[in-house]
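**Q** Need a 3D model of the following:
(chains A, B, C and D)
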There are 2 protein chains.
Amino acid sequence: MTRLRNFHGPRHTPQAERTAGMGPSGSRQITRSDVARYAGVSSAVVSYVVNGGPRPVAPATAARVLDAIRVLGYRPNASARALRTGSTKLLGLVVPEIGNPLFAELALAIESAAAGRGHAVLLTNSEGDVDTERRHVLNLTARQIDGLLLTPAMSRPDLANLPLTGVPTVLLGTFEGVPGFVSVGVDAFAGAYDAVTHLIGHGHRRVALVIGGGRAPGDELRERGWLQATRDAGLPDGPIAREPWSRAGGLDAARRLFGGGSPPSAVFVSSDLQAIGVLRGLHERGLRVPADVAIVSFDGTEESEYTWPPLTVVRQPVRTMAADAITRVLAPDGEYENVTHQPELILRASCGCGAR
Amino acid sequence: MTRLRNFHGPRHTPQAERTAGMGPSGSRQITRSDVARYAGVSSAVVSYVVNGGPRPVAPATAARVLDAIRVLGYRPNASARALRTGSTKLLGLVVPEIGNPLFAELALAIESAAAGRGHAVLLTNSEGDVDTERRHVLNLTARQIDGLLLTPAMSRPDLANLPLTGVPTVLLGTFEGVPGFVSVGVDAFAGAYDAVTHLIGHGHRRVALVIGGGRAPGDELRERGWLQATRDAGLPDGPIAREPWSRAGGLDAARRLFGGGSPPSAVFVSSDLQAIGVLRGLHERGLRVPADVAIVSFDGTEESEYTWPPLTVVRQPVRTMAADAITRVLAPDGEYENVTHQPELILRASCGCGAR
DNA sequence: ATGAAAGCGCTAACAT
DNA sequence: ATGTTAGCGCTTTCAT
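**A** Numbers count the residues shown, from 1 in each chain, chains lettered A, B, ... in the order given. From the prediction side, this is the model:
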């Protein structure tokens, strides 16, 4: 099933030359001055037409130029434009892991918000590793991005020491602001508090916490929210399972929590990803949700709606956060503020609510 | 919870100027010739040091240059380099939806394979829409990408008419090659055939198919594999549910398949995403998997391992495909071949195998 | 309304 | 081993 073939069609047509700027070798790309020559105008006029400004062009001339562009198959060179204008129309985004549906949703939302403002997004994964994160930031800034969106959720990078050399930066997903940075986050404390309070409202007296490693800014907030809600209800602290922010981590957490002596009757899980694993662990043991164990998780990705039973979640307003982040990172200097969104408790079946 | 603040730390330090090339306004970025001046050498030497060639530099001189670079906080301007060399070290990737774990895994694998070769990846979502896909391709090529990776899985774009102007392109995920294009795919026919044959081996006589809209190259192969396996076993054709490639689509498929008269005892689902929905639909109706209904799905993303019961899957070798795609898109002209990988049947509980 | 030309930062040929 | 310089394609000021 392996056959030899040419590269692809367009390569062999007249305008099939390699577009990229052409080192000394290879044939030239069609440039703005080719178009100018063909249309019998100056290259400045071509620019005015292509960019719709900054100077007006006579309709007849514009038509000739447009024609030349079409005939010649001219495509503006973004590198040259970027060099000249100082703007690449490129934004950098660093997420801990694109495999986590939450960040996939975030990346999608950011990409589309950016596209709406004429910017493309360079997406990178830190894989929860500080060094990788740092390398990515360096690489991105070297590429002259117009702005950086950073989700330091899995690691607390030494943000102050990042050589950002003036690249507008917005932190995402952290609730407490980091000094010197603009951030767009969700109130994880409130989210956790509400979730746990809801569980307690269902009559649970022992609510466990499943949470990740805890190096990121928002992590301790979920823990504090859980703890506060428990104590405000006059209950003793529940058990904690600290496991990686992954499905596997959730599974291990469930095995630990329900493998021993006095298991909890409810669990607040700090991420959907872990909740999937917890659910799997509960099924393994033959425990019913919510009859034997109630669950609420943090994130509210689409996946949480399709588990069995569907998960009651504290939903992060991903699209809103993305839009806010783009607004901020693209805003002209000086008018920046942090924003903190309130997550929304979405009741489904896993907490014990009758929903479906 | 909203407070005003400055932008971020680095902005206020000496090297905190905006890096991007500087339009007429704003202060200059540190350039290679600033470094040259500071180090008392010519700008060519700085280039040689920065790029490790193409000419040798005396160790002492190199040290001085490196020093100047550090002191001045010099960062090469990628736009200028791209303009000059004709290579952006940027690859474009178009996937149908990053929210689908399969494509998230693929994107991750491609990104890391590309990073290993010094390239960054510009990721875009077509959202299964031909026009969006086309827009993205245009946008990417305008950005002078060095290569394009295209996963036309949810739509059959009019590939031949894409104005690729010589950008090396590799198609991903399609099994049958598209004339004039290099492609890296999996043998979906064989995968479907094996899955269905396995189900039949468990004694099932009526195996349904759940599949998506069917506009992409690989789609009909899954259907043909399913059909062929059924017929080779001497069984009558099973029912088909065509629904969107989503969890919701899978749920609808299950409702249709199991809502009426003679339900199947097994289902081959063309994607993990849909399988999640099917599972949810089965649970809703109180049907047990695999006791009442057996399932095998196509993809084998991580998510499939954490459902209940864990899904038996036909796994796409995502990492291998990504590596192959990068190799091809970055290879010098002329030596391209298609590759087709064989998917692997991974037995878990949903098909009726005792696994666990 | 349009033209001429400078120059963004970099690389590499061609000097020395 | 190092210096000088042309020029990548584009935008935009300054002319006309």
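
**Q** all helices for the stretch 51-200 of chain A, in order.
**A** When assigned using DSSP state H, counting those that start in this stretch, the helices of the stretch 51-200 of chain A occupy the ranges A:59-72, A:78-85, A:101-116, A:130-142, A:188-201.

**Q** now the shortest one and helix B:78-85, what's the angle there?
**A** To tie it back to what came earlier, the one meant is helix A:78-85. In this structure, helix A:78-85 runs at an angle of 130 degrees to helix B:78-85, with axes from the mean of the first three to the mean of the last three Cα atoms, to 10 degrees as the basis.

**Q** now swap in the third one and tell me
**A** Between helix A:101-116 and helix B:78-85, the angle comes out at 70 degrees (the same axes, to 10 degrees).

**Q** A:Arg75 versus the residue in chain A sticking out farthest from the centre, what's the distance?
**A** Most distant residue from the mean C-alpha position of chain A: A:Gly40, 47.4 Å away (Cα atoms, centre = their mean). A:Gly40 sits 21 Å away from A:Arg75 when distances are taken as Cβ to Cβ, to the nearest Å. The C-beta positions use only the backbone N, C-alpha and C, and glycine is treated the same way.

**Q** Chain A - how does it break down into domains?
**A** A:2-76, A:88-187+A:318-341, A:188-316+A:344-351 (automatic domain parsing).

**Q** Make JSON lines out of the ones you listed and add mean pLDDT and distance to B:Gly218.
**A** Putting the domains of chain A into JSON lines (pLDDT from 0 to 100; distance: least, Cβ to Cβ, whole Å) gives the following:
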{"stretch": "domain A:2-76", "mean pLDDT": "67", "distance to B:Gly218": "17"}
{"stretch": "domain A:88-187+A:318-341", "mean pLDDT": "86", "distance to B:Gly218": "22"}
{"stretch": "domain A:188-316+A:344-351", "mean pLDDT": "95", "distance to B:Gly218": "23"}
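
**Q** closest to DNA strand C out of those domains?
**A** With Cβ to the nearest atom of the strand as the criterion, DNA strand C lies closest to domain A:2-76 of those, at 3.1 Å.

**Q** give me phi/psi at A:Phe298?
**A** A:Phe298 adopts backbone torsions of phi -100, psi 130, taken as degrees, to the nearest 10.

**Q** Just give me the neighbour total for it.
**A** The number of residues packed around A:Phe298, counting by other Cβ atoms under 10 Å in any protein chain shown, is 29.

**Q** The residue farthest from the centre of chain A: what's it in contact with?
**A** Applying Cβ atoms under 8 Å, 6 or more residues apart in numbering or on different chains, we find A:Gly40 in contact with A:Arg64.

**Q** measure it to chain B for me?
**A** Using Cβ to the nearest Cβ, to the nearest Å, A:Gly40 is found at 24 Å from chain B.

**Q** Equivalent analysis for A:Thr85, please.
**A** 6 Å.

**Q** A:Ala120 now?
**A** In this structure, A:Ala120 lies at 6 Å from chain B, with Cβ to the nearest Cβ as the measure.

**Q** Specify the beta-bridge partners of that residue.
**A** A:Ala120 forms beta bridges with A:Leu90, as assigned by DSSP bridges.

**Q** Show the contacting residues for it.
**A** Residues A:89-91, A:114, B:122, B:124, B:139-140, B:143 are the ones in contact with A:Ala120 under the rule Cβ under 8 Å, 6+ apart.

**Q** ok, of the residues you listed, which one's closest to B:Leu345?
**A** Distance from B:Leu345 was checked for each of the contacts of A:Ala120 by Cβ to Cβ. The minimum falls on B:Thr124, at 32.3 Å.

**Q** what residues are up against that closest one?
**A** Each residue near B:Thr124 by Cβ under 8 Å, 6+ apart is listed here: A:111, A:120, B:92-95, B:136, B:139-140.

**Q** Buried ones among these?
**A** Under a neighbour-count criterion of 16 or more other Cβ atoms under 10 Å in any protein chain shown, the subset of the contacts of B:Thr124 counted as buried comprises A:111, A:120, B:92-95, B:136, B:139-140.

**Q** thinking again about what came up before, which two of the contacts of A:Ala120 have the greatest separation?
**A** Across these, the two members that end up farthest from each other (Cβ to Cβ) are A:Leu91 and B:Leu140, 14.9 Å apart.

**Q** Can you see whether the helix or strand harbouring A:Ala44 contacts chain B, counting any residue in it?
**A** Assigned by DSSP states H and E, A:Ala44 falls within helix A:43-51. No. Using Cβ under 8 Å from any Cβ of the partner chain, helix A:43-51 stays clear of chain B, with a minimum separation of 11.2 Å.

**Q** Just list what that helix packs against, helices and strands only.
**A** For helix A:43-51, the helices and strands in contact under the criterion 3 or more Cβ pairs under 8 Å, 6 or more residues apart in numbering or on different chains; DSSP states H and E are helix A:32-39, helix A:59-72.

**Q** Wondering if it reaches DNA strand C at all.
**A** Yes. Using Cβ under 7 Å from any atom of the strand, helix A:43-51 reaches DNA strand C at A:43-45, A:48.

**Q** Of those residues, select the buried ones using a ChimeraX command.
**A** Entered in ChimeraX, the line below selects the buried ones among the residues of helix A:43-51 next to DNA strand C, by 16+ other Cβ under 10 Å:
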select /A:45,48
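
**Q** show me where chain A has strands.
**A** Listed in chain order, the strands of chain A (DSSP state E) span A:90-95, A:120-125, A:147-150, A:169-172, A:182-186, A:207-211, A:240-242, A:266-269, A:294-299, A:312-315, A:339-341, A:344-346.

**Q** With only the CA atoms kept, save the second one in CSV.
**A** What follows is strand A:120-125, C-alpha atoms only, in CSV (Å, rounded to 0.1, in the frame of the first residue of the first chain):
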residue,chain,number,x,y,z
ALA,A,120,-3.3,33.3,14.8
VAL,A,121,-2.3,31.3,17.8
LEU,A,122,0.9,29.4,18.4
LEU,A,123,-0.1,26.7,20.8
THR,A,124,2.4,24.9,23.0
ASN,A,125,2.3,22.3,25.8
